[in-house]
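Novice: Predicted structure and sequence below. I'll ask about it afterward.
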Amino acid sequence: MWARLRPAARGRTPPRLERGATGDTPSNPGGAPRGLLLASERSPAPPWRDATLVAVVTVAAAILCARLNVAELLRRLSAPWERLQLDELPVVLLALAVGLTWFAARRYQEAGRQIARRRIAEARLEAALADNRRLSQQYVELQEAERKSLARELHDELGQYLNVIKLDAVDIRDRRSADAQALRERASAIVTNCNHIHGALAGLIRRLRPVGLDELGLAAALEHCIETWRARVPDASLQLSVVGDVSGLPESVALTVYRLVQEALTNVVKHAAARHIAVRLDLERSDGASPGAIRLTVVDDGRGAELAAPTRGLGLIGMRERVAALEGELVLVSSPGRGFELRARIPVQRSAPSAS
């Protein structure tokens, strides 16, 4: 349905459009047609124009005062009011002018600092938006790749073995001679194929969800994760320390902590070549006014990295986004040759135990 256009209110004029060089400006990002620019968005006048105007007005005032003898005229007019010291008024006005000049200069400097801080904030925001776009695109690609891998494994592993089980079952059903040895071989084949399907399903479940996180809790799941990495990197020393009772944490917090440890260990093993890795999980007590918090620290003695250097990886960005989604804080400390340290603090509200 078309909306009816109302005429402009009386006394108001629509903003005047002027022809410009470009139509895509920072204040008008891609909205207005090319070549059209609002009159209020014109580029400001150069400073030399204002300075020239001030100089011209000053010279004109000096010439006018010299011709009219303004000082003598003011002296004659203020003579009857000598008791009020009106003849000192020019000095007072001069001091006021100097003070206003100093005030304007200070405000100008403060405005410059504000603009510099705003530009820095805009640059950081632009970088964060670029990282978020790359992260979203990477997540979509990873999701599609994971779906493709799951579909291939379901087809290759489960589909073929289920077909073999079906053929064995049909052969047993249609076999006319009741040969006990043949039936036993077919049944053994079915059992073997079922065991293989069970193992394949367990592998798929481990990829989709951490083992034991729901049944055994966060501490046991982290211990299982550490043991898995110990088997992969036998030359490195991995230590896990859990302080406090971390059972009963919200599922989002527990899963975020687990994924942080996973990603941190992956980065350490792939890039740091560390010999000693320490993972510490500490649960802070609540003071009653604010919810408690859980602290995670992962420290290694590897090669380290330059955090200010640009990178195409999305592991650190993903960890930062996970922690920020829970209103937490993530601090990364590293330098070349001095290892890597990850510190995360996530506020938590302990969930109430179930009635069962």
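Specialist: It's in.

Novice: Would you indicate which residues of the helix or strand hosting residue 260 are buried?
Specialist: Counting by DSSP states H and E, the element that carries residue 260 is helix 251-267. Neighbour counts over helix 251-267 (16 or more other C-beta atoms under 10 Å) mark 253-258, 260-265, 267 as buried. Where you see a C-beta, it was placed from the backbone N, CA and C, and this is true even at glycine.

Novice: possible to save these as JSON lines with pLDDT and distance to residue 74?
Specialist: Converted to JSON lines, these look like this (pLDDT from 0 to 100; distance: C-beta to C-beta, whole Å):
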{"residue": "253", "pLDDT": "88", "distance to residue 74": "78"}
{"residue": "254", "pLDDT": "88", "distance to residue 74": "83"}
{"residue": "255", "pLDDT": "87", "distance to residue 74": "82"}
{"residue": "256", "pLDDT": "89", "distance to residue 74": "77"}
{"residue": "257", "pLDDT": "90", "distance to residue 74": "80"}
{"residue": "258", "pLDDT": "89", "distance to residue 74": "84"}
{"residue": "260", "pLDDT": "90", "distance to residue 74": "78"}
{"residue": "261", "pLDDT": "90", "distance to residue 74": "82"}
{"residue": "262", "pLDDT": "87", "distance to residue 74": "84"}
{"residue": "263", "pLDDT": "86", "distance to residue 74": "79"}
{"residue": "264", "pLDDT": "87", "distance to residue 74": "79"}
{"residue": "265", "pLDDT": "87", "distance to residue 74": "84"}
{"residue": "267", "pLDDT": "82", "distance to residue 74": "79"}
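
Novice: Which single one of the residues you listed is nearest to residue 52?
Specialist: residue 267 (60.6 Å; C-beta to C-beta).

Novice: and the angle from the very next helix or strand once past the helix holding residue 260 to helix 251-267?
Specialist: The helix or strand immediately downstream of helix 251-267 is strand 276-283, counting by DSSP H and E. Relative orientation of strand 276-283 versus helix 251-267 (axes from the mean of the first three to the mean of the last three C-alpha atoms, to 10 degrees): 170 degrees.

Novice: In the sheet, which strands lie alongside the helix or strand just after strand 276-283, parallel or antiparallel?
Specialist: As assigned by DSSP H and E, the chain's next helix or strand after strand 276-283 is strand 293-300. Taking DSSP bridges as the criterion, strand 293-300 pairs within the sheet with strand 276-283 (antiparallel), strand 340-347 (antiparallel).

Novice: Residues touching strand 293-300, excluding its own?
Specialist: With C-beta atoms under 8 Å, 6 or more residues apart in numbering as the test, strand 293-300 has contacts from 246, 249, 253, 257, 260-261, 264-265, 268, 272, 274, 276-284, 328, 339-348.

Novice: ditto for stretch 164-174
Specialist: 183, 186-187, 189-190, 193-194.

Novice: Quick one: buried ones out of the contacts of strand 293-300?
Specialist: 246, 249, 253, 257, 260-261, 264-265, 268, 272, 274, 277-279, 281, 283-284, 328, 339-342, 344-348.

Novice: distance from the centroid: which residue in this structure tops it?
Specialist: In terms of distance from the mean C-alpha position of the chain, residue 80 ranks first, at 73.4 Å (C-alpha atoms, centre = their mean).

Novice: and that residue, what pLDDT?
Specialist: Note for residue 80: predicted pLDDT of 75.

Novice: my read is it is in a helix, agree?
Specialist: Yes - under DSSP: H, G, I helix; E, B strand; the rest coil, residue 80 falls within a helix.

Novice: so what's it up against?
Specialist: Neighbour list for residue 80: empty [criterion: C-beta under 8 Å, 6+ apart].

Novice: One more: residue 274?
Specialist: Residue 274 neighbours (C-beta under 8 Å, 6+ apart): 236, 268, 300-303, 339-340.

Novice: okay, which residue is most central for the protein?
Specialist: Compute the mean C-alpha point of the chain, and by C-alpha atoms, centre = their mean the closest residue is residue 321, 4.9 Å away.

Novice: Many thanks, have a good one.
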